[in-house]
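> give me the fold of what follows.
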Amino acid sequence: MKAQGLLVPRLVSRFLKVKPGRFMLLAGLVIVLSVLFMAAFPQVISPYSPTVPSGRPFEPPSPTHIMGTNKLGQDMFSRIVWGSRIVLYVVFLATVISMSIGIPLGLVSGYYGGKIDRALSMVMDSIYAFPALIMAIVIAVILGPSPMNTAIAISFVYIPTYFRMVRGETLSLKGQLFVEAARALGASNLTIMLKYILPNLTHTILVVFTLSVADAILTEAGLSFLGLSVTPPTPDWGYDLRVGQPFMLNGYWWLVFFPGVMVTLLATGFALIGEAMSERASIAGAV
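So this is what the prediction gives:
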């Protein structure tokens, strides 16, 4: 009876421990999926063209223009909706490029070790130690302003992040019994890396993915703010922040407020998902 009496408090305690992770995951998914829906169907959501004037310049938020208009009379809500496409395109392309380079190099470095590991680690540590935004700015300036070049510049910054995480996990996994058993059965090094080690890195990669995407959103906004991503009149949140910033002192707060909120909201959404996944993993490991 005593054991049964302690069971309920334990279950309640365990539920309360997991609940914050669930709330963060749910909140993050709602934010991210909402922006994804907005980017997938902008022609349905957007009431006006993002590049054609649809009202008077500097109209404040109203039922006609719920986020106001900019200095050219373009609807800010329509620019927010269509701008989500550019942001997601740049960020996801950058993440795919950095993953496709950082993960294989991390696997090879951690599995083989030796001179290969030392050489790759030295190169990645050098890149990692350099300020990320400054490096992205330098690469973007060299390549020129375009969404594709911005994605390349951002991807170069996050390659060491995937490399370091995958290398560290590979170093701990390659000595496990299941890897030794696969090696004893004659599995090749490539088979061991792809079939036995990589699947065990899935959760770590997903956590790093969500957190790096959150950071990449801020980096993309910074490059756009500096005029290194898109060219006018292409809608982009960071670019609209740059264009609206000089008019803040004139009381046109909506020109900066709404793009800034969207950048912060989307970055927070991915960060919440990453933190929730990390927290749930730590709780599962403790249990």
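
> CA only for contacts and neighbour counts going forward, please
Fine.

> okay, which residue is most central for the protein?
V213 (0.8 Å; Cα atoms, centre = their mean).

> tell me the contacts of it?
V91, F92, T95, A267, F270 (Cα atoms under 8 Å, 6 or more residues apart in numbering).

> tell me which element it falls in.
Using DSSP states H and E, V213 sits in helix 202-225.

> alpha carbons of that helix, as CSV, please.
Extracted C-alpha coordinates of helix 202-225, given in CSV (Å, rounded to 0.1, in the frame of the first residue of the first chain):
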residue,chain,number,x,y,z
THR,A,202,19.9,11.7,-35.4
HIS,A,203,18.7,13.3,-32.2
THR,A,204,21.8,15.3,-31.8
ILE,A,205,21.7,16.5,-35.4
LEU,A,206,18.0,17.5,-35.0
VAL,A,207,18.8,19.6,-31.9
VAL,A,208,21.7,21.3,-33.5
PHE,A,209,19.6,21.8,-36.7
THR,A,210,16.8,23.7,-34.8
LEU,A,211,19.2,25.8,-32.8
SER,A,212,21.4,26.7,-35.7
VAL,A,213,18.4,27.6,-37.8
ALA,A,214,17.3,30.0,-35.0
ASP,A,215,20.7,31.6,-35.1
ALA,A,216,20.8,31.7,-38.9
ILE,A,217,17.6,33.6,-39.0
LEU,A,218,19.2,36.4,-37.0
THR,A,219,22.3,36.3,-39.2
GLU,A,220,20.2,36.5,-42.3
ALA,A,221,18.3,39.5,-40.9
GLY,A,222,21.7,41.1,-40.1
LEU,A,223,23.0,40.6,-43.6
SER,A,224,19.7,41.9,-45.1
PHE,A,225,19.8,44.9,-42.8
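
> mean confidence score for it?
The pLDDT scores in helix 202-225 average 92.

> and stretch 239-254, by the same measure?
93.

> what does stretch 260-271 give?
Per-residue pLDDT values over stretch 260-271 give a mean of 96.

> what do you get for stretch 84-91?
Mean predicted confidence for stretch 84-91 is 95.

> and stretch 53-67, by the same measure?
On average, stretch 53-67 scores 95.

> measure that stretch end to end?
14 Å (Cα to Cα, to the nearest Å).
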